[in-house]
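Asks: pasted the sequence and its predicted model underneath.
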Amino acid sequence: MMDYRTGLLLLTVCWAGVDGQTLTESEPVTKRPGESHRLTCTASGFTFSSQWMAWVRQAPGKGLEWIALIHPTSSSYIYYSESVKGRFTISRENNRQQVSLQMNSLTAVDSAVYYCARYSDGYFDYWGKGTQVAVTSATATVTAPTVFPLMQCGSGTGGTVTLGCLATGFAPSALTYGWSEKGVGLPLTDFIQYPPIQKNNLYQGVSQIQVSRADWDAKKEFTCTVTHQAGTAQSDFKKPEVEYRDPTLKVLASISSGDSETYLSCWASDFSPAEYEIKWLTINNQEITTKIHEMKTLPLERKDENGTLLYSVAHILTMNSSDPTLNIPVTCLFEGKGEKGPSNKNKTITITKCYDDPPPTQSCGSTGCPEADADVNILNPSMEDMLLHHKGTVTCSVKINKPSLDKISWQSETGNPILDAIPTTNLKGRTGVFNADLTITYEEWVKGTKFVCNVEHEEWMEPVKTPYQRVNGGTTQRPSVFMLPPLEHTKKETVTLTCLVKDFYPKYVFVAWLVDDQETGLQYNTTSPIENQGSYSAYGQLTLSLEQWNDNDTVFSCVVYHESMVKTGTKAIVRSIGHRTFERTNLVNLNMNIPDTCNPRN
């Protein structure tokens, strides 16, 4: 029964509030070295007098540390970790359903978030929310926190929505979170509070909660309240109002130079929400079903000057030119969603032959021959390629709206062709999206070497030149990497592992996950880096099943890659975690100085 006495450990936790079983701890506190303090935890919802109880703590940037355990009824069975033995005393009052921790001769290393937990069958199954204890001799200036709301990107899936409450720039570190639903008296208790992290004598912390998707969609409002020595701050959460906006439609048609294929393009831009369908219709609103090829792009997102999220898509149809649609009106029908129900918009074009050099007697039709019209977009190399494989691909993606272009190619800054970059040709009379790829080395990318994408047309005096260059500036800063306590989603029977990568510069980072040092097929993602006072932070998350997490022989590793480590000869930074059982510990929190691996979106 003594195998669980260990220094650092991370555990899967079942947070208080499930099935009415709760553990409520005392308020946060700031103490000076040598002083004493008593923590109290009150239980409800289970038979307290028949359960082992424990105290566990987590210092900033470190793993969980078990420190004390007490038998349900006998004072003969009390255990302490070596770090607190002789200074801390655990006790309980079963008639009051309370367990206490008397802490004497406090030192700076005792600064941590303290959790009371119920011990059952080899693991801790119910936890309190945690109490922050800060031990410091400094007479630091008391600074109030600034609170920011965090909401998940996109609609997500499942029956819950995750909300986050970020508190930054506060001191001292003692701080608590509270969540509530507006207009409802009772507080929400099923949330997580992570230990604060220190930066430049100030702290930042975060709390997470999952709310019912039905409540969120019903526009119920939620509030996060942060309590600190310098005062109370709060942030409100409400599902953003849906902006309904009809698209701008652009319809184009062309025929290949050999007259064998007809191309129809329908571009719907700046509409909202992203619920739509695009159809092609001919006379009597008959849908076109004969086609050689059909391409539908995924919605591209952008925000307008008011912050409204707008979407744009393209629908491209290739047909045989012998199809009877030639020389008759063709309509692009956009079926979207309006504030009061379905909202449809359409635009019609007549497919007309057009020749590069029409004979004098040949007309190009009432619409005339279209002029070349193209949009150029430079796609960055992936962070995985650059930071892990030390070379990547920059793509010059050209959307040809009106024919006809001649060539898409890459040049150096001085105008010399890049021989290794194969140009894209045979574009006459064609519409659609065409790409020209350029392979660049890690050294070229880091130095900010400039390259130019050339889009050429024989009738243009000068090609359209679009440069690519990584913007540099600032001092390279190595990231700090922390493995946060795992989050169990009981309804989904999944566990989310979170790797916090913070205080790095520049913003380019790649986070990968390994399972037993092998590449994983599990779902993982990384948030886009967030800038804060000249450096960046990001979260990498891995989602796995509860069964996979409970496998005691499996270790999950977060691997972070950043150019600061390349300069020092270090390959990556690795943080590892595994499930902790009563008999043995295979969970570790390592700093192996090997490079870190979302980007979900590079």
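Replies: Looks like it came in fine.
Asks: what are the buried residues along stretch 267-275?
Replies: Neighbour-count burial for stretch 267-275, counted by 16 or more other C-beta atoms under 10 Å, picks out 267-268, 271-274. Any C-beta I mention is one placed from the backbone N, CA and C, and that applies to glycine too.
Asks: which pair in these spans the largest distance?
Replies: W267 and P273 (18.2 Å; C-beta to C-beta).
Asks: endpoint to endpoint, stretch 546-564 covers what distance?
Replies: 35 Å (C-alpha to C-alpha, to the nearest Å).
Asks: meant to ask about stretch 122-137, not that
Replies: End-to-end for stretch 122-137, by C-alpha to C-alpha: 38 Å.
Asks: chain center to that stretch: distance?
Replies: 27 Å (C-alpha atoms, centre = their mean, to the nearest Å).
Asks: cool, and stretch 306-318?
Replies: Remark: stretch 306-318 is offset 22 Å from the chain centroid, using C-alpha atoms, centre = their mean.
Asks: so which bits of that stretch are buried?
Replies: In stretch 306-318, counting by 16+ other C-beta under 10 Å, buried: 310-318.
Asks: try stretch 160-168
Replies: 160-168.
Asks: what of stretch 184-191?
Replies: Within stretch 184-191, the residues that count as buried by 16+ other C-beta under 10 Å are 188-189, 191.
Asks: re the thing from before, now, which of the buried residues of stretch 160-168 sits nearest P28?
Replies: Once C-beta to C-beta is applied, the member of the buried residues of stretch 160-168 that ends up nearest P28 is A167, at 12.5 Å.
Asks: and the lowest-mean-pLDDT helix or strand in the chain, which residues are buried?
Replies: The weakest-scoring helix or strand in the chain, judged by mean pLDDT, DSSP states H and E, is strand 22-25 (a mean of 75). Across strand 22-25, burial judged by 16+ other C-beta under 10 Å covers 22-23, 25.
Asks: report all helices and strands that it contacts.
Replies: strand 37-44, strand 112-120 (3 or more C-beta pairs under 8 Å, 6 or more residues apart in numbering; DSSP states H and E).
Asks: kindly recompute the last result at 7 Å.
Replies: Under the contact criterion of 3 or more C-beta pairs under 7 Å, 6 or more residues apart in numbering; DSSP states H and E, strand 22-25 touches strand 37-44.
Asks: next SSE after the strand it packs on?
Replies: Later in the chain than strand 37-44, the nearest helix or strand by DSSP states H and E is strand 52-58.
Asks: from the chain's centroid, how far away is that next one?
Replies: 32 Å.
Asks: paired strands for that strand, with orientation please.
Replies: Strand 52-58 pairs in its sheet with strand 64-70 (antiparallel), strand 112-120 (antiparallel), by DSSP bridges.
Asks: check which residues of it are buried.
Replies: For strand 52-58, the neighbour count (16+ other C-beta under 10 Å) marks 52-58 as buried.
Asks: tilt between that strand and strand 37-44?
Replies: Per axes from the mean of the first three to the mean of the last three C-alpha atoms, to 10 degrees, the angle that strand 52-58 makes with strand 37-44 is 130 degrees.
Asks: gap between S269 and N377?
Replies: Using C-beta to C-beta, to the nearest Å, one obtains 14 Å as the distance from S269 to N377.
Asks: so what are the domain limits for this protein?
Replies: 18-135, 146-237, 248-350, 373-468, 480-578 (automatic domain parsing).
Asks: from the buried residues of stretch 267-275, which land in strands?
Replies: Secondary structure from DSSP state E places 267-268, 271 of these in strands.
Asks: nearest to F124, out of those: which one, please.
Replies: F271 (50.6 Å).
Asks: give me phi/psi at the closest residue to the closest one other than its chain neighbours?
Replies: Leaving aside its sequence neighbours, F271 sits nearest to P247 (C-beta to C-beta, 6 or more residues apart in numbering; 3.6 Å). Dihedral pair for P247: phi -80, psi 160, per degrees, to the nearest 10.
Asks: got a pLDDT number for P247?
Replies: The per-residue pLDDT reported for P247 equals 91.
Asks: tell me which element D236 is part of?
Replies: strand 231-237.
Asks: next secondary structure after that strand?
Replies: From strand 231-237, the next helix or strand downstream (DSSP H and E) is strand 248-255.
Asks: other SSEs contacting that following strand?
Replies: Contacts defined by 3+ C-beta pairs under 7 Å, 6+ apart place strand 248-255 against strand 261-271, strand 329-338, strand 341-350, strand 391-402.
Asks: that strand pairs with which strands?
Replies: Here, using DSSP bridges, strand 248-255 pairs with strand 261-271 (antiparallel).
Asks: quick one: mean pLDDT for stretch 330-343?
Replies: Taken as a whole, stretch 330-343 has a mean pLDDT of 86.
Asks: quick check: buried residues in it?
Replies: Within stretch 330-343, the residues that count as buried by 16+ other C-beta under 10 Å are 330-334, 336-337, 343.
Asks: so what's T439 up against?
Replies: T439 makes contact with 391, 393, 420, according to C-beta atoms under 7 Å, 6 or more residues apart in numbering.
Asks: do that again at 6 Å, thanks
Replies: Residues near T439 by C-beta atoms under 6 Å, 6 or more residues apart in numbering: T393.
Asks: following element in sequence after the strand or helix carrying it, please.
Replies: Secondary structure from DSSP H and E places T439 in strand 432-441. Moving toward the C-terminus from strand 432-441, the next helix or strand (DSSP H and E) is helix 442-447.
Asks: chain center to stretch 136-154: distance?
Replies: Relative to its chain's centre, stretch 136-154 lies at 21 Å (C-alpha atoms, centre = their mean).
Asks: same question, stretch 556-565
Replies: Counting by C-alpha atoms, centre = their mean, stretch 556-565 is centred 16 Å from the centre of its parent chain.
Asks: what's in contact with that stretch?
Replies: For stretch 556-565, contacts defined as C-beta under 6 Å, 6+ apart pick out 387-388, 476, 478-479, 481, 497, 499, 501, 504, 509-515, 540, 572-577, 595-597.
Asks: if we go to 7 Å?
Replies: Residues contacting stretch 556-565 (C-beta under 7 Å, 6+ apart): 387-388, 446, 476-479, 481, 483, 497, 499, 501, 504, 508-515, 517, 540, 542, 571-578, 594-597.
Asks: and what of stretch 220-240?
Replies: Counting by C-beta under 7 Å, 6+ apart, 30, 142-145, 147-149, 151, 163, 165, 167, 170, 172, 174-182, 207, 211, 216-217, 219 sit against stretch 220-240.
Asks: what about it, average pLDDT?
Replies: 91.
Asks: now do the buried residues in it.
Replies: Within stretch 220-240, the residues scored as buried using 16+ other C-beta under 10 Å are 220, 222-229, 233, 235, 237, 239.
Asks: and the end-to-end length of that stretch?
Replies: 11 Å.
Asks: next one: stretch 129-138
Replies: 27 Å.
Asks: same thing with stretch 133-147?
Replies: Termini of stretch 133-147 sit 21 Å apart (C-alpha to C-alpha).
Asks: so what touches that stretch?
Replies: Contacts of stretch 133-147 (C-beta under 7 Å, 6+ apart): 29-33, 37, 106-108, 110-112, 114, 165, 167-175, 201-202, 224, 226, 228-231, 233-235.
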